[in-house]
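Participant: fold the stuff below for me.
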Amino acid sequence: MFSALRPSLPALLRFARTPSIGRSIVALLAGAILLLLAVNMATFVMIQRTAAFNDQVERSQQVRRAAGNLLLSLVDAETSQRGYLLSGSPEFLVPYNRAEITVPAQMDELERLAAGDPQLEAHVAAMLEAVRDKLAELDRSVALSRTGRTGEAVQMVRSGSGRALMESIRERMATIEEVENERFTVRTRQSELGLTLTLWANALGGMLVLVLAGIMIWLVRRYVAEIQTARDTLDRMNAGLEGQVRDRTAELTRARDRAEAMLREVNHRVGNSLQLVSSFMSLQLRHLADDGARAALKESQARIEAVAHVHRRLYTSDDMSSVAMDEYLEGLIAELGKSLAPGKGSPTLTLEAAPLSVSTDQAVSLGVIVTELVTNAVKYAYGPGQAGEIRIILEPGSKGRARLTVEDDGPGLGDGKPRGTGLGGRIVSAMASGLRSKVEYDPDHPGVRARLAFDLQP
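Facilitator: I've put the predicted structure just below:
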């Protein structure tokens, strides 16, 4: 029960801390509970006193019965003694002999019942002392008659000592009954008074509880009316706020659409600008005779195309914050194949890309890295007119990571260092550093295998 009430206590305390009506209801409820507890306590006390009174009445009856039984046994013993003295027949001693057995037990019972009662102990003790003397007197007379000294026994009876002892016993018993009768009267009067007080207390408590219940009902109804009024006011306010929220949401939606349109337009213009730069570089290539300069300009054009391709993807995509890397690499590899390996006998570029999405910054860095590694493989993996394959692999890793691999089947790195001017290597290192990673080369691969592991940003 206590575990079920425990969650309700904080709510009751919060309700009690609310102003006016809440505190009034809690105060009235607490008063009603205290009043019921008081009435129940009074009823409980009355029940306890009634039970104690019943116990005392039962004990008084037991004392009376024990004293009466003891007196009857003595009367039977005395009557038996008189018959034996007059007739000399042992048959008259049967009640006397029975009394010799029962009287000691009856004396012990009466003494036990009076133990601890200061009003009865003295009277019972005096009564038991007289009973012992009476038993001794009876024993002496019967013993004298049994030995043939019946005259002395009769003379002892005629002396009146036995009658005086019986009178003393009867007086003590009358005193005991008087004490018990007085107690019974007092206890009856107290019980009646307690019952009357309990009835009045219950009636008054019931009336007060009804009054408190009526007040609480009135307060609760008023409280409910106030809540309903507040709820209606809140509903009107909510209706106004919902209209404002709808208007504000519409404004934010329009602002977002304008921002996305502007961002898409920016990407479109950046892509066009980079494409224009790439076109200028194509025109410049036609007027260069130096093969080194043509190769350098062609590599720079590939890098610019890699970046421009990202912006073109963003322009045509609904998601402006991420790039589908498999689709981006597919378009990039197609453009690299046209520009770097356009004819027969050129290496074949193959792509195996899992459907992964990356951020725009990651897409730019990965595009430049792929461009540099593929460009380097086209230049150094296979000789002029030698067919071969350059594989670009993008696959998911564990724990939110992905891995990019560019490999060929050429002669390998030889001394372990990439060939060329080193500019491409520095660009690759810079882009990999932006991805918080680095490019590693597999020494066990017969050709060149470059790997880059990076985190997928949400």
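
Participant: pLDDT on the host helix or strand of residue 335, on average?
Facilitator: Taking DSSP states H and E as the criterion, residue 335 maps to helix 325-340. Summarised as a single mean, pLDDT over helix 325-340 is 85.

Participant: now for it, which elements pack on it?
Facilitator: Applying 3 or more C-beta pairs under 8 Å, 6 or more residues apart in numbering; DSSP states H and E, one finds that helix 325-340 contacts helix 291-316, strand 348-353, helix 360-380, strand 389-396. The C-beta positions use only the backbone N, C-alpha and C, and glycine is treated the same way.

Participant: gap between that helix and the chain center?
Facilitator: When distances are taken as C-alpha atoms, centre = their mean, to the nearest Å, helix 325-340 is centred 59 Å away from the chain's centroid.

Participant: all helices of the chain, in order?
Facilitator: Secondary structure of the chain (DSSP state H): helices located at 2-5, 8-16, 21-87, 94-114, 118-146, 150-158, 161-286, 291-316, 325-340, 360-380, 423-434.

Participant: mind putting the ones you listed into CSV with mean neighbour count and distance to residue 396?
Facilitator: Converted to CSV, those look like this (neighbours: other C-beta atoms under 10 Å; distance: least, C-beta to C-beta, whole Å):
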stretch, mean neighbour count, distance to residue 396
helix 2-5, 7, 50
helix 8-16, 11, 49
helix 21-87, 16, 59
helix 94-114, 17, 97
helix 118-146, 18, 100
helix 150-158, 15, 129
helix 161-286, 13, 27
helix 291-316, 18, 20
helix 325-340, 18, 11
helix 360-380, 23, 14
helix 423-434, 16, 18
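
Participant: any low-confidence regions in the stretch 251-400 of the chain?
Facilitator: Judged against pLDDT under 70, the low-scoring parts of the stretch 251-400 of the chain cover residues 255-303, 305-320, 341-345.

Participant: now residue 376: closest residue in space, sequence neighbours ignored.
Facilitator: Counting by C-beta to C-beta, 6 or more residues apart in numbering, residue 376 lies nearest to residue 424, which is 5.8 Å off, once chain neighbours are set aside.

Participant: surely the one you found touches residue 371?
Facilitator: No - here residue 424 lies out of contact with residue 371, judged by C-beta atoms under 8 Å, at a distance of 9.0 Å.

Participant: partners of the closest residue to residue 363 other than its chain neighbours in the sheet?
Facilitator: With sequence-adjacent residues excluded and distances taken as C-beta to C-beta, 6+ apart, residue 363 is closest to residue 323, at 3.9 Å. When bridges are assigned using DSSP bridges, the partners listed for residue 323 are residue 358.

Participant: would you mind measuring from residue 323 to residue 30?
Facilitator: Here the distance between residue 323 and residue 30 works out to 68 Å (C-beta to C-beta, to the nearest Å).

Participant: next one: residue 332
Facilitator: The gap separating residue 332 from residue 30 is 79 Å, by C-beta to C-beta.

Participant: among the helices of the chain, which is nearest residue 349?
Facilitator: Evaluated with C-beta to C-beta, these place helix 325-340 nearest to residue 349, the distance being 4.8 Å.

Participant: run the angle between that closest one and helix 161-286 for me.
Facilitator: 20 degrees (axes from the mean of the first three to the mean of the last three C-alpha atoms, to 10 degrees).

Participant: got the angle for the helix holding residue 335 vs strand 389-396?
Facilitator: Relative orientation of helix 325-340 versus strand 389-396 (the same axes, to 10 degrees): 160 degrees.

Participant: tell me the angle helix 325-340 makes with helix 360-380.
Facilitator: Using the same axes, to 10 degrees, helix 325-340 lies at 40 degrees relative to helix 360-380.

Participant: keeping just the C-alphas, turn helix 325-340 into PDB.
Facilitator: Coordinates of each C-alpha in helix 325-340 appear next as PDB, following Å, rounded to 0.1, in the frame of the first residue of the first chain:
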ATOM      1  CA  MET A 325      29.800   9.600 -53.500                       C
ATOM      2  CA  ASP A 326      29.000   6.700 -55.800                       C
ATOM      3  CA  GLU A 327      27.200   8.900 -58.300                       C
ATOM      4  CA  TYR A 328      29.800  11.700 -58.000                       C
ATOM      5  CA  LEU A 329      32.700   9.300 -58.600                       C
ATOM      6  CA  GLU A 330      30.900   7.700 -61.600                       C
ATOM      7  CA  GLY A 331      30.700  11.100 -63.300                       C
ATOM      8  CA  LEU A 332      34.200  12.100 -62.300                       C
ATOM      9  CA  ILE A 333      35.700   8.800 -63.600                       C
ATOM     10  CA  ALA A 334      33.800   9.200 -66.900                       C
ATOM     11  CA  GLU A 335      35.300  12.700 -67.400                       C
ATOM     12  CA  LEU A 336      38.800  11.500 -66.300                       C
ATOM     13  CA  GLY A 337      38.500   8.700 -68.800                       C
ATOM     14  CA  LYS A 338      37.700  11.200 -71.600                       C
ATOM     15  CA  SER A 339      40.500  13.600 -70.800                       C
ATOM     16  CA  LEU A 340      43.300  11.300 -69.600                       C
END
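
Participant: which segments of the protein make up each domain?
Facilitator: According to automatic domain parsing, the chain comprises the domains 18-224, 319-455.

Participant: which among those domains is found nearest to residue 244?
Facilitator: Shortest distance between residue 244 and the domains of the chain, using C-beta to C-beta, is found for domain 319-455: 28.5 Å.

Participant: show me how far the closest one is from its chain's centre.
Facilitator: On C-alpha atoms, centre = their mean, the centre of domain 319-455 falls 56 Å from the chain's centre.

Participant: correct me, but the residue nearest to residue 363 touches residue 357?
Facilitator: Yes - taking contact to mean C-beta under 8 Å, the distance of 6.7 Å between residue 323 and residue 357 places them in contact.

Participant: the more surrounded of these two?
Facilitator: Set side by side, residue 323 and residue 357 show more neighbours around residue 323, with 26 against 18, by other C-beta atoms under 10 Å.

Participant: tell me how far the more buried one lies from residue 67.
Facilitator: Distance of residue 323 to residue 67, given as C-beta to C-beta: 114 Å.

Participant: next: residue 128.
Facilitator: Taking C-beta to C-beta as the measure, residue 128 and residue 67 are separated by 10 Å.

Participant: what touches both of those two?
Facilitator: Residues touching both residue 128 and residue 67 (C-beta atoms under 8 Å, 6 or more residues apart in numbering): residue 110.

Participant: so who does the closest residue to residue 145 other than its chain neighbours touch?
Facilitator: In space, residue 145 comes closest to residue 153 once its chain neighbours are excluded; the distance is 4.5 Å by C-beta to C-beta, 6+ apart. The neighbours of residue 153, taking C-beta under 8 Å, 6+ apart as the test, are 85, 140, 141, 142, 144, 145.

Participant: thank you kindly, that will do.
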